[in-house]
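**Q** model the following, please.
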Amino acid sequence: MTHDRTDVYTRITAEIVAAIEAGAGEFKMPWHHNGTSTARPANIASGKGYRGVNVLALWVAAEIARYDIGLWGTYRQWQALDAQVRKDERGTTVVLWKEVTPAGGDDRLGDEDGPARRIFARAFTVFNVAQVDGYQPGAVALLPETERLAHAEAFIGNLGINTVFGSPNAYYRPATDTVHMPDFGFFHEAAGFYGSWIHECGHGSGAKHRLDRDLSGRFGSAAYALEEISVELLSGMILADLGIAHHPCPDHAAYVASWLRVLKDDSRAIFTAAGKAQQAADWMHARQPQASAQAA
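**A** Sure, this is the predicted structure:
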């Protein structure tokens, strides 16, 4: 890796760390979620994916009832869309966790740093779109093909990792060594499309016949979290290399922050992941024609 590229990658990591420390906010998928997959259950009102134990609860409900769409909402949320939950339909319980500071700032509940914060859970009943009448999905404004970036397409194409488009979600499938992606038009912007594509190819770089990283971690495990952080950092680094985004987008920091929480905010984790990301970036650059020409 050139010295200049090392400096860029160090800066990208530092900017993401700074964004996390400032409060990165919540991650939102960079493509329009139309709810066609139960793998990423989403709320009809906010468009955000459910998290934690709620994902498991909605997976189980969808499996039992044979729902094939992953859109959920409360009774009132469906009503607000002029849709009606059918009579006698049974909902599924999800939990929203909130952190609050006691009214009046009662210092007896805290310590010398100030009043303690309380965390409480509030249960909601949600219904799948299959339990509703009158719902008409809104039209999605497709990203025009003219927004495609030829140099980014060529860079990713040179990696030699097969990509299948038309999926409702983005993911890498180790068993078939294939990346699956939503179509270009469903993304909010080109940077989100190429960032997601690089992210999934980043997972592919870890295959046994490439960099041989451990991809066996189960969803929610520390190993899975470290892999996700690594390839998200990689995505920001390569976008900078390609001149698509010279600074990491807020979503990069939000996504990394969500996985750092799995690692209990281990301050060293992001730098361990950055090392793996740089290794994957080196591998990607080595696949490019100019790298072969320089080595000859």
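**Q** note down every partner strand of the longest strand belonging to the chain and its orientation.
**A** Of all the segments of type strand in the chain, defined by DSSP state E, the longest one is strand 118-128. Strand 118-128 sits in its sheet next to strand 71-74 (antiparallel), strand 92-100 (antiparallel), going by DSSP bridges.
**Q** neighbours around residue 158, how many?
**A** The local packing of residue 158 (other Cβ atoms under 10 Å) involves 17 other residues. Where you see a C-beta, it was placed from the backbone N, CA and C, and this is true even at glycine.
**Q** now residue 222: closest residue in space, sequence neighbours ignored.
**A** If the residues on either side of it in the chain are set aside, residue 222 comes closest to residue 263, at 5.8 Å by Cβ to Cβ, 6 or more residues apart in numbering.
**Q** helix, strand or coil for the one you found?
**A** Under DSSP: H, G, I helix; E, B strand; the rest coil, residue 263 falls in the coil class.
**Q** can you say which of the strands paired with strand 118-128 is packed in most?
**A** Of those, the one with the most neighbours on average (mean count of other Cβ atoms under 10 Å) is strand 71-74, at a mean of 24.
**Q** average pLDDT for stretch 97-106, rounded please.
**A** On average, the pLDDT along stretch 97-106 is 60.
**Q** list the contacts for the residue nearest to residue 222?
**A** Counting by Cβ atoms under 8 Å, 6 or more residues apart in numbering, residue 263 makes contact with 222, 225, 226, 269.
**Q** separation between it and residue 214?
**A** Taking Cβ to Cβ, to the nearest Å as the measure, residue 263 falls 15 Å from residue 214.
**Q** please apply the same query to residue 81.
**A** Going from residue 81 to residue 214 by Cβ to Cβ gives 44 Å.
**Q** out of these two, which sits in the busier spot?
**A** When neighbours are counted by other Cβ under 10 Å, residue 81 and residue 214 differ, and residue 81 comes out ahead with 16 against 11.
**Q** burial of the residue lying closest to that one once chain neighbours are set aside, as a residue count?
**A** Nearest-residue entry for residue 81: residue 135, 6.2 Å, with adjacent residues in sequence omitted and distances by Cβ to Cβ, 6+ apart. Other residues within reach of residue 135, judged by other Cβ under 10 Å, total 15.
**Q** could you do residue 46 as well?
**A** The burial count assigned to residue 46 is 12, neighbours taken as other Cβ under 10 Å.
**Q** which SS class is it?
**A** Here residue 46 is recorded as coil under three-state DSSP.
**Q** ok, and the closest non-adjacent residue to residue 50?
**A** Spatial nearest neighbour of residue 50, chain neighbours left out: residue 41 (4.9 Å); criterion: Cβ to Cβ, 6+ apart.
**Q** ramachandran coordinates for that neighbour?
**A** Here the main-chain torsion angles of residue 41 (degrees, to the nearest 10) amount to phi -60, psi 140.
**Q** hang on, the earlier thing: of the contacts of residue 263, select the buried ones using a ChimeraX command.
**A** Only the buried entries of these go into this ChimeraX selection, using 16 or more other Cβ atoms under 10 Å:
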select :225,226,269
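**Q** make a markdown table out of the contacts of residue 263 and add pLDDT and distance to residue 239.
**A** A markdown table is the format used below for these (pLDDT from 0 to 100; distance: Cβ to Cβ, whole Å):
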| residue | pLDDT | distance to residue 239 |
| --- | --- | --- |
| 222 | 86 | 26 |
| 225 | 87 | 22 |
| 226 | 91 | 21 |
| 269 | 86 | 22 |
